[in-house]
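Asks: Using only what follows, build the 3D model:
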Amino acid sequence: MLLIGRQKEKEELLELYNRDSAELVAVYGRRRVGKTYLINHTFEDYFTFKHAGLSPMELENNKSALTQQLEHFYNSLKLYGMKENKKPKTWLSAFYMLERLLLDKYTGKKQVVFIDELPWLDTPKSKFVSAFEGFWNTFANARNIMVIICGSANSWIFNEVLNNYGGLYGRVTKEIKLVPFTLAECEEFVKSRDIKMSRYEIVKAYMAVGGVPYYFNYFSSRLTTYENIDALFFKKSAPLKMEFDRLFNSSFKKADDAEKIVTVLAEKNIGLTRKQIAEKTGIKDGEMLTKALNALLISDYIIKYIPLTNNKEKYYKLVDPFCIFFLKFVKNATSLNEELFANKVSSQSVISYNGIAFENVCFNHISQIKDALRIGGLETKESTFLYKKEGEEGAQIDLIIDRKDNIVNACEIKFYSDLYANDKDKHLDIVRKNKVLSQFIKKRQIIRNTLITTYGIVNNEYKNDYTNVITLDDLFAK
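Replies: This next block holds a predicted model:
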């Protein structure tokens, strides 16, 4: 099995394995990001017991969810060597069977127990959490056992395990959050698949599926980037046509609320305030909205920032490329044309989308941008800038990097297939925007205009408007 990226996480897991102590490890991250692959790759020959919960979407309607999960767990116990026994009717009985299996198989070496999609096991009225607490606190915690729990329902992992104030309080010895691939890791991945793609093409692919390895795995070397996108989303048997609904139904307890929030945020690239989200979704501004927003933040679908023009209200912005693309082009597509996207690449809707999508690529690569500016270790705040006032000309800046060293990088983000050409009109626009921006920053702060683009800037009399020019090569830096 070839492992792209994730070397740091693999080393951390192996370090924990080599300790002479009990370890409870929580691995979490958005759906399809490669959590299971990482664990299987690291411990392929070490598992004493491995089990994956059944997806709520796949359970039979004529049997209780608890019964089906317990039966599946029982079958996994038998696969790993448990002697015939009665099927458990409770999770307490199921974990007792696991304890007996581990005792029978103990050889003196550390045992590895991997329970994948743990949140799915916590069906209504199952008392799963208390049973798992009992397994860890009374059995595993006192032995040389490494228990790895994993799941895409990140808010469940946070609430029931990491922030548990009951029997699991402080019990997790290591938490590992797996995030989507960077552009550099996407490049490494496509090279490993012998797919010939330029960095420009990789960015176009990233703007449709994000840095999700599972989605990139569908790309074919026989097709162009846009042909691959059509095959993924618009063909009759397109593998990602139904992925949006699966994404939310398998990852969020209140899937409808999360989906509503993402849908309204997709309509406003700068984001929305909490109050605006409540108004547009119909979700009451209270605990339920808080839980839904936190779940989306934990899973990296959205970010939260405070704009310079209003330092009292937080804005929530959708930055997940897959969700943005799906809601823009796939969800309401009615055409039977299986080359729907490839036929529209020169249309104004796709050109406009590319600009917005590239902005979100940059928001997902802030660390690379900071490294290119040589401020990797400096504390910063990132936001967008939008100024509108009746009777005055507005101003919008794609990305603001507010630095602790009294410098503000005002970043213009341009997705071009060639060098970007600055001219007199654009020069005057920069001057005007700087004048507006200066009203919202401290007097001691200095504005540095920064261009983030694909290939660089044309060498003309206006190129020096930009103190810094950041290109794809910088965004692909490791």
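
Asks: Show me the contact partners of the helix or strand bottoming out on mean pLDDT in the chain.
Replies: Of all helical and strand segments in the chain, the minimum by mean pLDDT, DSSP states H and E falls on helix 154-156, at a mean of 86. Defining contact as C-beta atoms under 8 Å, 6 or more residues apart in numbering, one finds that helix 154-156 is touched by 28-30, 118-119, 122, 251-253, 291, 294-295, 298-299. C-betas here are computed from N, CA, C, even on glycine.

Asks: pLDDT check: weakest of those?
Replies: Least confident entry in the contacts of helix 154-156, by pLDDT: Lys253, with 80.

Asks: List the residues that contact it.
Replies: Neighbour list for Lys253: Ala153, Ser155, Trp156, Ala295 [criterion: C-beta under 8 Å, 6+ apart].

Asks: same thing but at 6 Å, please
Replies: If a contact means C-beta atoms under 6 Å, 6 or more residues apart in numbering, then Lys253 has no contacts.

Asks: Could you say which helix or strand holds it?
Replies: For Lys253, there is no host helix or strand (DSSP states H and E).

Asks: Low-confidence bits of the stretch 301-450 of the chain, can you list those?
Replies: Within the stretch 301-450 of the chain, the ranges that satisfy pLDDT under 70 run 334-340, 342.

Asks: again, only this time at 90
Replies: Applying pLDDT under 90 to the stretch 301-450 of the chain flags the ranges 307-313, 331-352, 387-394.

Asks: ranges for the helices of the stretch 251-400 of the chain?
Replies: In the stretch 251-400 of the chain, the helices defined using DSSP state H, counting those that start in this stretch lie at 255-265, 274-281, 287-298, 321-325, 348-363, 366-372.

Asks: can you count the residues close to Glu267?
Replies: 11 (other C-beta atoms under 10 Å).

Asks: Quick check: Ser198 vs Thr225, distance?
Replies: In this structure, Ser198 and Thr225 are 9 Å apart, going by C-beta to C-beta, to the nearest Å.

Asks: And those two? Which one has more around it.
Replies: The residue with more neighbours, out of Ser198 and Thr225, is Thr225; 22 against 11, by other C-beta under 10 Å.

Asks: Who are the contact partners of the more buried one?
Replies: Here Thr225 is in contact with Glu201, Lys204, Ala205 (criterion: C-beta under 6 Å, 6+ apart).

Asks: Hmm, Arg32 and Tyr214 touching each other?
Replies: Yes: with contact defined as C-beta atoms under 6 Å, Tyr214 and Arg32 form a contacting pair (3.7 Å).

Asks: more crowded one of the two?
Replies: The neighbour comparison of Tyr214 against Arg32 (other C-beta under 10 Å) goes to Arg32, with 25 against 15.

Asks: Where do the strands of the stretch 201-350 of the chain begin and end?
Replies: Remark: strands assigned in the stretch 201-350 of the chain by DSSP state E, counting those that start in this stretch are 272-273, 302-305, 315-318.

Asks: and Tyr37, which of these is closest to it?
Replies: For Tyr37, the closest of the strands of the stretch 201-350 of the chain is strand 302-305, at 25.0 Å, according to C-beta to C-beta.

Asks: for that closest one, the distance to its chain's centre please.
Replies: Relative to its chain's centre, strand 302-305 lies at 12 Å (C-alpha atoms, centre = their mean, to the nearest Å).

Asks: which other helices and strands contact that strand?
Replies: strand 315-318 (3 or more C-beta pairs under 6 Å, 6 or more residues apart in numbering; DSSP states H and E).

Asks: Tell me the helices and strands packed up against the strand it packs on.
Replies: strand 302-305.

Asks: ok, and what's touching the strand it packs on?
Replies: Leu296, Lys314, Tyr315, Tyr316, Lys317, Leu318, Val319, Ser383.

Asks: what do you get if the cut-off is 8 Å, keeping everything else the same?
Replies: For strand 302-305, contacts defined as C-beta under 8 Å, 6+ apart pick out 261-262, 265, 271, 293, 296-297, 314-320, 363, 381-384.

Asks: And for stretch 383-399?
Replies: The contact list for stretch 383-399 (C-beta under 8 Å, 6+ apart) reads 269-271, 305-309, 315, 317, 359, 362-363, 382, 400, 402, 409-413, 432-433, 436-437, 440, 452.

Asks: And those, which of them are buried?
Replies: Buried by 16 or more other C-beta atoms under 10 Å: 269-271, 305, 307-309, 315, 317, 359, 362-363, 382, 400, 402, 409-413, 433, 436-437, 440, 452, out of these.

Asks: just to revisit the earlier point, so which of the helices of the stretch 251-400 of the chain is the most surrounded?
Replies: When these are scored by mean count of other C-beta atoms under 10 Å, the highest mean neighbour count falls to helix 321-325 (a mean of 23).

Asks: Quick check: Val112 touching Phe47?
Replies: Yes: with contact defined as C-beta atoms under 8 Å, Val112 counts as touching Phe47 (5.3 Å).

Asks: of the two, who's got more company?
Replies: Comparing Val112 with Phe47 by neighbour count (other C-beta under 10 Å), the higher total belongs to Val112, at 22 against 16.

Asks: Now do the SS call for that one.
Replies: Here Val112 is recorded as strand under DSSP: H, G, I helix; E, B strand; the rest coil.

Asks: List the contacts of it.
Replies: Contact partners of Val112, counting by C-beta under 8 Å, 6+ apart, are Tyr17, Phe43, Tyr46, Phe47, Thr48, Ile145, Met146, Ile148.

Asks: ok, it to Phe73 distance?
Replies: 17 Å.

Asks: So Ile157 versus Ala295, what's the distance?
Replies: Computed as C-beta to C-beta, the Ile157 to Ala295 distance reads 10 Å.

Asks: what's the answer for Phe216, then?
Replies: Phe216 is 25 Å from Ala295, by C-beta to C-beta.

Asks: Tell me the confidence at the nearest residue to Leu2 once chain neighbours are set aside?
Replies: Spatially, and ignoring its direct neighbours in sequence, Leu2 is nearest to Ser192 (5.8 Å; C-beta to C-beta, 6 or more residues apart in numbering). On the pLDDT scale, Ser192 is placed at 94.
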